[in-house]
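1. Fold the following and give me the result.
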Amino acid sequence: MEAALYGPDGFYVRPGGPGPAGHFRTSVHASPLYAAAVARLLRWVDAELGHPAELDLVDVGAGRGELLAGVLAALEPETAARVRPYAVERAERPAGLDPRIRWAAAPPEGTTGLLFANEWLDNVPLEVAEDGHYVLVAPDGTESAGGPLDAADRAWLERWWPGGGRAEIGRARDEAWAAAAATLERGLAVAVDYAHTRGARPPYGTLTGFRGGREVPPVPDGSCDVTAHVALDSCAGPGAVLLTQREALAALGVSGARPPLALASADPVAYVRALSSAGEAAELTDRAGLGAFGWLVQPAGLAAPAWPGARAAH
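-> Residues are numbered from 1 along each chain as shown. Here you go, the predicted model:
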């Protein structure tokens, strides 16, 4: 998985490639309402921090910087002027990116503000286990049984994915998230992803591939994205809460409610615009689609935010 995604000719780092947007549709690409919601969250963090002179916005797994560009565009000029935006990505910096955006291979240390990881953890490489052994995968996708699990991976499964059978060991993702969140001195760290929790682990796992907008076999040869859903509850640190994207975006003002019909006669152009926005919001909050994504919200030096419907991660 590491070689297929991030090796010399890996799916995410191949020079000249289209980036994630060329292969699958994320919330960032679905609607500018998503970036506007993240901008509202950044304003909330800014207020909680007392409006510092410099406000960090760290986008982990930034793709081609689309989310950062959208957030900067959604902010008031006086707020945007204080923001230090960081795109954390292993691919090279794309041409034409807003010069205000700093490009980095890892989250900067000692930041104050918002660290946001949208669909990053599902691409942190992990091990697959079956019946107490590692699953080995050849470059053509052929699977075979490997050696027995080491003590640390076996302990992770016993705590977070009990029951035997086939499972995806999330320990590497726990460690990756802990390291990223630890770079935040004060503020809020948020991870958004395909997710499941201990009470509802998928019995056969979720490992799959994507290429050109289609789901394909997860062949680790660099030709496709190789991804697996995230055990967000095991990633969660102290004070963290878990929400669905539907819950989180509702708290941030994103609603798929249709505009009043009276607006159609009073201002037809505004009605069509509002109707289009409601359709985009409905896609972002659809319980059977993007709205079912998990949000892990973890404060650093702040009181946990009062997210409607939030539940304890531990």
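
2. residue ranges for the strands of the stretch 201-314 of the chain, please.
-> 208-211, 214-216, 225-227, 230-231, 241-244, 294-300, 311-312 (DSSP state E, counting those that start in this stretch).

3. Look at residue 186 and give its secondary structure.
-> Of the three states, residue 186 takes strand according to DSSP: H, G, I helix; E, B strand; the rest coil.

4. Make 842 the first number, not 1, from now on.
-> Renumbered: residue one is now 842, and that last one reads residue 1027.

5. Count the neighbours of the residue lying closest to it once chain neighbours are set aside for me.
-> Closest residue to residue 1027 apart from its sequence neighbours, by Cβ to Cβ, 6 or more residues apart in numbering: residue 1142 at 3.8 Å. C-beta: built from backbone N, CA, C; applies to glycine. Residues near residue 1142, counting by other Cβ atoms under 10 Å, number 13.

6. Just confirm residue 1142 contacts residue 1022, I think it does.
-> No: using Cβ atoms under 8 Å, residue 1142 makes no contact with residue 1022, being 11.7 Å away.

7. Spit out the contact partners of the residue nearest to residue 1027.
-> 1026-1028 (Cβ atoms under 8 Å, 6 or more residues apart in numbering).

8. Kindly provide the distance from residue 1033 to residue 1134.
-> Counting by Cβ to Cβ, to the nearest Å, the gap from residue 1033 to residue 1134 is 6 Å.

9. Oops, could you answer that again for residue 968 instead?
-> 24 Å.

10. just residue 847 next, same as before
-> Distance from residue 847 to residue 1134, by Cβ to Cβ: 23 Å.

11. more neighbours, those two?
-> Shown here are residue 847 and residue 1134; by other Cβ under 10 Å, residue 1134 has more neighbours (25 against 16).

12. The more buried one contacts residue 1037, correct?
-> No: using Cβ under 8 Å, residue 1134 makes no contact with residue 1037, being 11.1 Å away.

13. pLDDT score assigned to residue 973?
-> Note for residue 973: predicted pLDDT of 94.

14. Any idea how many residues pack against it?
-> There are 11 residues near residue 973, going by other Cβ under 10 Å.

15. Same check on residue 1068?
-> Count around residue 1068 with other Cβ under 10 Å applied: 23.

16. mind checking how far it is from residue 896?
-> 31 Å.

17. And the helices in the stretch 992-1141 of the chain?
-> 992-1001, 1012-1023, 1073-1076, 1086-1092, 1103-1107, 1109-1126 (DSSP state H, counting those that start in this stretch).

18. And residue 944, its phi and psi?
-> Taking degrees, to the nearest 10, you get phi -110, psi 130 for the backbone angles of residue 944.

19. isn't it right up against residue 932?
-> No: between residue 944 and residue 932 there is no contact under Cβ under 8 Å: 9.4 Å.

20. The two - which one has more neighbours?
-> The neighbour count for residue 944 versus residue 932, taken as other Cβ under 10 Å, is higher for residue 932 (21 against 15).

21. Need the nearest residue in space to that one, chain neighbours excluded.
-> Closest to residue 932 by Cβ to Cβ, 6+ apart is residue 854, at 4.8 Å.

22. Tell me which residues are up against stretch 1031-1041.
-> 868, 882, 955-963, 1001-1002, 1018, 1043, 1047, 1068, 1070-1076, 1083, 1086, 1089, 1134-1139.

23. Kindly report the same for stretch 887-903.
-> For stretch 887-903, using Cβ under 8 Å, 6+ apart, the contacting residues are 883, 886, 906, 908-909, 912, 920, 923-930, 948-949, 952-961, 964, 1021, 1024-1025, 1027-1029, 1143-1144.

24. Ok, stretch 967-985 next?
-> 842, 986-990, 994-995, 998, 1005-1014, 1046, 1048, 1058-1062, 1069.

25. how about it: buried residues?
-> Buried residues in stretch 967-985, counting neighbours by 16 or more other Cβ atoms under 10 Å, are found at 967-971, 975-976, 978.

26. which of these are the two that sit furthest away from each other?
-> Longest distance between any two of those is 13.5 Å, between 967 and 971; criterion Cβ to Cβ.

27. Confirm that the residue nearest to residue 932 sits in a strand.
-> No: using three-state DSSP, the assignment for residue 854 is coil, not a strand.

28. State whether residue 912 and residue 879 are indeed in contact, as I suppose.
-> Yes: using Cβ under 8 Å, residue 912 makes contact with residue 879 at a distance of 5.2 Å.

29. Return the distance of residue 1048 relative to residue 989.
-> Counting by Cβ to Cβ, the gap from residue 1048 to residue 989 is 20 Å.

30. and these two? which has more neighbours close in?
-> residue 1048 (19 against 12).

31. what's the spacing between that one and residue 966?
-> 11 Å.
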